[in-house]
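# Give the three-dimensional model of this entry:
(one chain, ligands or ions: 4)
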Amino acid sequence: MNGEAVIRVSEIFGPTIQGEGVLIGEPTVFVRSGGCDYRCVWCDTLHAVDPAYREEWRPLGTDEIWRYVEALSGGQPLTVSLSGGNPAIQPFGPLIGRGRAAGYRFALETQGSVAKPWFADLSTLILSPKPPSSQMETDWAAFDACLAAAGSAPRTVLKIVVFDEADYAYAKDAGARYPHLSLFLQPGNPVGPAQTESSEVDLEANLGRMRWLVERTLEDGWFAPRILPQLHVLLWGNRKGV
Ligand SMILES: C[S@@+](CC[C@H](N)C(=O)[O-])C[C@H]1O[C@@H](n2cnc3c(N)ncnc32)[C@H](O)[C@@H]1O
Ligand SMILES: Nc1nc2[nH]cc(C(=O)O)c2c(=O)[nH]1
Ligand code: SF4
Ligand SMILES: [Mg+2]
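Residues are numbered from 1 along each chain as shown. Ligands and ions are numbered 1, 2, ... in the order given. Here you go, the predicted structure:
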């Protein structure tokens, strides 16, 4: 790998459609890195978080990852979504530079705990601070550092998962803290460790939570956020690699 940036890759897949948030429906190739500084109790991607899956994470250099992305996209520039785990703890800067030079756009999803200067090279930065139900604490100073690192070049948006009333209150506070950022709410999909490898999903329960969130927000007269389901979960359940 000749000293080039090495990234711990959990999976590379696509093209599929982006299932969440501001880029929903957009043809996308995903690069998912392994390892996270958080451990949300309801994380739907434990195979990229739990060190028990470490053996499955492959150290790949920028060139190798780029070859996968080019092959999957048939060499047609599209949006590459960097997710994880927390992709912010990996050296993605050179890959972004490489892809941009070929006309690709990059989006990155992160909880906002670690800032990197290369955030400024993204097209879209999706900051997803974690509400109380995750059992994680938000470090707002670290979050602000992510916003500062991105600057004004990328489109930066907020995406907050809401399971319950306390999460709703957290989302409202976060929205008030950053009134200049577009805010997306996403109902929580209850997944546990036993379910990560299965595609089973309780669609009715998921849609019920979506209905509750829409009604709660509208009854409250809070018209700032957009409320979206996880489209890929509706289509394919909790399957990996879609
Ligand atoms: C798996 S995370 C990876 C990126 C980064 N660690 C983060 O959390 O933003 C991608 C997105 O999935 C969301 N997510 C994770 N588990 C979820 C669940 N059970 N229900 C709904 N959304 C979930 C996260 O909040 C985040 O917005
Ligand atoms: N289709 C699709 N859309 C997604 N949006 C965010 C995802 C993620 O797990 O980060 C994801 C994913 O895994 N698949
Ligand atoms: S921050 Fe993201 S990847 Fe990490 S545990 Fe939470 S939801 Fe999962
Ligand atoms: Mg996911």
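
# Return the residues of this structure in contact with ligand 3.
Cys36, Tyr38, Arg39, Cys40, Cys43, Thr45, Val49, Gly84, Gly85, Asn86, Gln111 (Cβ under 6 Å from any ligand atom). Every C-beta, even on glycine, is put in place using the N, C-alpha and C of the backbone.

# mind checking the SS state of the third one?
Under DSSP: H, G, I helix; E, B strand; the rest coil, Arg39 falls in the coil class.

# start the count at 37, not 1, going forward
Got it, first residue is 37 now, which makes that one Arg75.

# For it, which non-adjacent residue is closest in space?
The shortest distance from Arg75 to any non-neighbouring residue, by Cβ to Cβ, 6 or more residues apart in numbering, is to Val85 (6.5 Å).

# before we move on, could you check phi and psi at the residue nearest to Pro190 when sequence neighbours are not counted?
Residue nearest to Pro190 in three dimensions, not counting chain neighbours: Leu158, with 4.2 Å by Cβ to Cβ, 6+ apart. With angles defined as degrees, to the nearest 10, Leu158 sits at phi -80, psi 160.

# rewinding a little: among the residues of the chain next to ligand 3, which one is most surrounded by other residues?
Gly121 (28 neighbours; other Cβ atoms under 10 Å).

# so which strand or helix has Ser46?
Using DSSP states H and E, Ser46 falls within strand 42-53.

# so what does that strand touch, helix or strand wise?
Counting contacts by 3 or more Cβ pairs under 8 Å, 6 or more residues apart in numbering; DSSP states H and E, strand 42-53 packs against strand 63-69, strand 94-97, helix 98-108, helix 267-272.

# what are the pairing partners of the helix or strand following the longest one, and which direction each?
Secondary structure here is assigned by DSSP H and E; on that basis, the next helix or strand after helix 98-108 toward the C-terminus is strand 115-119. Counting by DSSP bridges, the strands paired with strand 115-119 are strand 63-69 (parallel), strand 141-146 (parallel).

# Next, format those strands as TSV and append mean pLDDT, mean neighbour count and distance to ligand 1.
Output for these, formatted as TSV (pLDDT from 0 to 100; neighbours: other Cβ atoms under 10 Å; distance: least, Cβ to the nearest ligand atom, whole Å):
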stretch	mean pLDDT	mean neighbour count	distance to ligand 1
strand 63-69	98	22	8
strand 141-146	99	24	4
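
# in this protein, which ranges drop under the pLDDT threshold?
For the chain, the stretches with pLDDT under 70 are 37-39, 228-235.

# For this protein, what lies in contact range of ligand 1?
Proximity of the chain to ligand 1, by Cβ under 6 Å from any ligand atom, involves residues 72, 78-81, 119-120, 122, 145-147, 164, 195, 197, 222, 224-225, 227, 266.

# follow-up on the earlier one: looking at the strands paired with strand 115-119, which is nearest to Gly110?
In terms of Cβ to Cβ, the element of the strands paired with strand 115-119 nearest to Gly110 is strand 63-69, at 10.3 Å.

# Can I get the closest one in CSV, CA atoms only?
C-alpha atoms of strand 63-69 as CSV (Å, rounded to 0.1, in the frame of the first residue of the first chain):
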residue,chain,number,x,y,z
PRO,A,63,-28.3,6.4,-6.7
THR,A,64,-25.4,5.9,-4.3
VAL,A,65,-22.4,3.6,-3.7
PHE,A,66,-21.7,3.1,0.0
VAL,A,67,-18.3,2.7,1.6
ARG,A,68,-18.8,1.6,5.2
SER,A,69,-15.8,1.8,7.5
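
# still on that earlier bit, out of the residues of the chain next to ligand 3, flag the one nearest to Gly277.
Checking these one by one against Gly277 (Cβ to Cβ), the nearest turns out to be Thr81, at 11.3 Å.
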